[in-house]
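Engineer: Sequence and predicted model, in that order:
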Number of protein chains: 2
Amino acid sequence: MALRAMAEGGVAAVAVEPLAARLGATKGSAYWHFPNREALLKATLERWEREHTEAVIELVRSVEDPAARLRLLFGTVLEAVEHSAVELAVLAAKDHPVVAPVLARVTARRVDYLEAVFRDLGFAADVARHRAVLAYSIYLGQAQLLAAAPDVVAARRALLEETLALVTSRG
Amino acid sequence: MALRAMAEGGVAAVAVEPLAARLGATKGSAYWHFPNREALLKATLERWEREHTEAVIELVRSVEDPAARLRLLFGTVLEAVEHSAVELAVLAAKDHPVVAPVLARVTARRVDYLEAVFRDLGFAADVARHRAVLAYSIYLGQAQLLAAAPDVVAARRALLEETLALVTSRG
DNA sequence: CCTCTTCCATACGGTGCCGTATGGTCCGGT
DNA sequence: ACCGGACCATACGGCACCGTATGGAAGAGG
């Protein structure tokens, strides 16, 4: 619920009074469950941290071929637009003291996982690292672009293929 | 001034009372120059639109070789971190009714320019378009990543070279 | 049946911002 | 010397949110 609110209204929407109203409850109730607004926000973010990273990794883990694994990974995260609304909301609040550490952990975890995939693809350690950062940049940028100017990104399927081809190309 | 405030505190910081205080003035003064907060924000965003896109294009226009032009372009926009704070602030407020149209125009303008550069590089129209969207995604994602988790992006110079190599590689 | 804990509601004061009203200063034109 | 417009300050009411205080309902155990 709080995650849905965050997806729609950003981190600012994870606020006591609006959320209580949305749930048909009152502030009194909310302040029994959480000591203050910061705790509510923290709980919401940590829930996002737990659910929205390992879930994808888990989904993809079973795929043997690393190229197919990468394709499934990118395909999954780039199709779910409403899913990535939460991501963008978190990024938009990157300077908030409660958000920053969670965001740093999630980012590091994801890039590290991507790095492992590129090593599975046969890239040397340093190259794999670069490709991982690059691939994650493309994901972030594309999510941002899709949300900010969807008409600019017309042929999404073709773009996905082009992205995969480039990011896994040798030499 | 308002742009500086936006870079530091996001779109929310472009507010009448905080800005007036920052300038050592009062609300009364501010509301003489602008009818309301929305007008102030709009003026700030349109100033950003005018200054932060054409300036870079102008800087780069003189370079003959399209590959060198692209290198200069990416190098310029990816080095200026404090510069890109404004960009991220605008992206973070992409759903704000005043922000959305400005952001859409700026995005379209930039991707179109990139597309022209890739055509200059000899790519066919459709491929040039894909590369342009991809390149702009990388820029957005990298700016985001640099701001959200700077330690993840260690070797920036090498990453720039890798980016350029991939994005201009022939399929 | 009484009581204690759990959970929720009402009511209050505080803060930061918006926007309006109104008065004051300074300055060029006559 | 006067006046009108440009510019700025003070003061007010309103709104949305935070957090606290306090008073219930409603079930569990003695």
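Structural biologist: Sure thing, it's come through.

Engineer: Tell me the confidence at A:His83?
Structural biologist: In this prediction, A:His83 carries a pLDDT score of 74.

Engineer: got it, and A:Gly141?
Structural biologist: Taken from the predicted model, the pLDDT recorded for A:Gly141 is 96.

Engineer: Work out for me the element it sits within.
Structural biologist: Taking DSSP states H and E as the criterion, A:Gly141 maps to helix A:125-148.

Engineer: Just the CA trace of that helix, in CSV.
Structural biologist: Coordinates of the C-alpha atoms in helix A:125-148 are reproduced here as CSV (Å, rounded to 0.1, in the frame of the first residue of the first chain):
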residue,chain,number,x,y,z
ALA,A,125,36.9,-8.9,-14.5
ASP,A,126,37.6,-5.3,-15.3
VAL,A,127,35.6,-5.4,-18.5
ALA,A,128,32.8,-7.2,-16.8
ARG,A,129,32.6,-4.4,-14.3
HIS,A,130,32.4,-1.8,-16.9
ARG,A,131,29.8,-3.6,-18.8
ALA,A,132,27.8,-4.1,-15.7
VAL,A,133,27.8,-0.4,-14.8
LEU,A,134,27.0,0.4,-18.4
ALA,A,135,24.1,-2.0,-18.5
TYR,A,136,22.7,-0.7,-15.3
SER,A,137,23.0,2.8,-16.6
ILE,A,138,21.0,1.9,-19.6
TYR,A,139,18.3,0.4,-17.5
LEU,A,140,18.1,3.5,-15.3
GLY,A,141,18.2,5.8,-18.2
GLN,A,142,15.6,3.9,-20.2
ALA,A,143,13.2,3.7,-17.3
GLN,A,144,13.6,7.4,-16.8
LEU,A,145,13.1,8.1,-20.5
LEU,A,146,10.1,5.8,-20.7
ALA,A,147,8.5,7.8,-17.9
ALA,A,148,9.5,11.3,-19.0
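
Engineer: Could you list every helix and strand that the next helix or strand after that helix packs against?
Structural biologist: Downstream of helix A:125-148, the first helix or strand assigned by DSSP H and E is helix A:156-167. The elements that helix A:156-167 packs onto, with contact taken as 3 or more CB pairs under 8 Å, 6 or more residues apart in numbering or on different chains; DSSP states H and E, are helix A:66-79, helix A:125-148, helix B:125-148, helix B:156-167. Every C-beta, even on glycine, is put in place using the N, C-alpha and C of the backbone.

Engineer: if we can go back for a sec, elements contacting the helix holding A:Gly141?
Structural biologist: Partner elements for helix A:125-148 (3+ CB pairs under 8 Å, 6+ apart): helix A:66-79, helix A:81-92, helix A:99-120, helix A:156-167, helix B:99-120, helix B:125-148, helix B:156-167.

Engineer: ok now do the residue nearest the centre of chain A, which residues does it touch?
Structural biologist: In chain A, the residue lying closest to the centroid (CA atoms, centre = their mean) is A:Glu87, at 4.3 Å. With contact set as CB atoms under 8 Å, 6 or more residues apart in numbering or on different chains, A:Glu87 has these partners: A:52, A:143.

Engineer: most packed of the helices and strands packed on helix A:125-148?
Structural biologist: The highest mean neighbour count among the helices and strands packed on helix A:125-148 belongs to helix B:125-148 (a mean of 22), with neighbours defined as mean count of other CB atoms under 10 Å in any protein chain shown.

Engineer: Tell me the backbone dihedrals of the residue in chain A sticking out farthest from the centre, please.
Structural biologist: Among the C-alpha atoms of chain A, the one most distant from their mean position (CA atoms, centre = their mean) is that of A:Gly28, at 32.6 Å. Reported as degrees, to the nearest 10, the phi and psi values for A:Gly28 are phi -50, psi -40.

Engineer: Now do it, the pLDDT please.
Structural biologist: Per-residue confidence for A:Gly28 comes out at a pLDDT of 94.

Engineer: before we move on, what about A:Met6?
Structural biologist: Checking the pLDDT column for A:Met6, the value is 96.

Engineer: In contact with it, which residues?
Structural biologist: With the criterion set at CB under 8 Å, 6+ apart, A:Met6 makes contact with A:13-14, A:44, A:48, A:86, A:89-90.
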